[in-house]
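Participant: Test case, fold it:
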Amino acid sequence: MIDLTYWLHDNSGSYYAVSHLTDYLKSLGHRVRKSSVVDWLVAFKDVGLLFSVNIFSSSPTRISVNPRKVYCIDHTLAASVSFDILTNRDSLLENLVFTTLRQVTPKIFYHKTRTGREVDLVALLPSVPGQERDLRLIQVCASLADPLVKQSEVRSLSEAMIELAVAEGSIVTWGTDETIHVGFGTIHVMPVWRFLLKMESNCHTDAHLLHS
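Facilitator: Numbering: from 1, shown residues only. Alright, predicted model coming up:
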């Protein structure tokens, strides 16, 4: 269990499959069954240590055949037990964005476009009166300084916005602040501090609605 938790924390924001986790533990010399790995993953989720995120789909078959992504309850906890996450600023930032979203809604997924491009996080936020749904598409990228990285992130988000009929998307970075107009709508590039403040505002709004 310790080796499994270390691997999961070390790979926060990454895909996993039970079969691959089982093979990994066996490669370390453990005699472990796939059913035991499933039980441990459920236990980690029950105690609130780790979270699993499915692909965004209404098809049970598509959900079952696609890998899940893992996130931990606290990015500082991941950093304290991980060898790689201290140097992987994208993973650290993505886990921070996820845990912030998780305070607002448990309905968080990832998305794969028809061309195979990924959107890191899809969150279904509580809707306000008169609004059918509030679907947020969020890419997480430490830096957009590389033009090729920026082009890739924008293209992935643009494709998802078209497929899911969402007019706005976000790219959360460590420091970039920019608005990008694309064919279907608008992409807001924002520093993580601004994203945290927006989510905090959402929390206060939801609490007001519940008590009004």
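Participant: helix/strand/coil for the residue nearest the centre of the chain?
Facilitator: Ranked by distance to the mean C-alpha position of the chain (CA atoms, centre = their mean), the top residue is L121 at 4.1 Å. Classification of L121 using DSSP: H, G, I helix; E, B strand; the rest coil returns strand.
Participant: Which helix or strand contains the residue nearest to it when sequence neighbours are not counted?
Facilitator: Distance criterion CB to CB, 6 or more residues apart in numbering; nearest residue to L121, sequence neighbours excluded, is I138 at 4.4 Å. For every residue, glycine as well, the C-beta is placed using N, CA and C. Applying DSSP states H and E as the criterion places I138 in strand 134-140.
Participant: Tell me which strands that strand pairs with, and in which orientation.
Facilitator: strand 118-125 (antiparallel), strand 168-173 (parallel) (DSSP bridges).
Participant: Touching, the residue nearest to L121 and V97? I think so.
Facilitator: Yes. At 6.5 Å, I138 and V97 qualify as touching, with contact defined as CB atoms under 8 Å.
Participant: Return every residue with contacts to both of the two.
Facilitator: Counting by CB atoms under 8 Å, 6 or more residues apart in numbering, the residues touching both I138 and V97 are 120-121, 172.
Participant: need those in TSV with pLDDT, can you?
Facilitator: Below are the shared contacts of I138 and V97 laid out as TSV (pLDDT from 0 to 100):
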residue	pLDDT
D120	97
L121	97
V172	97
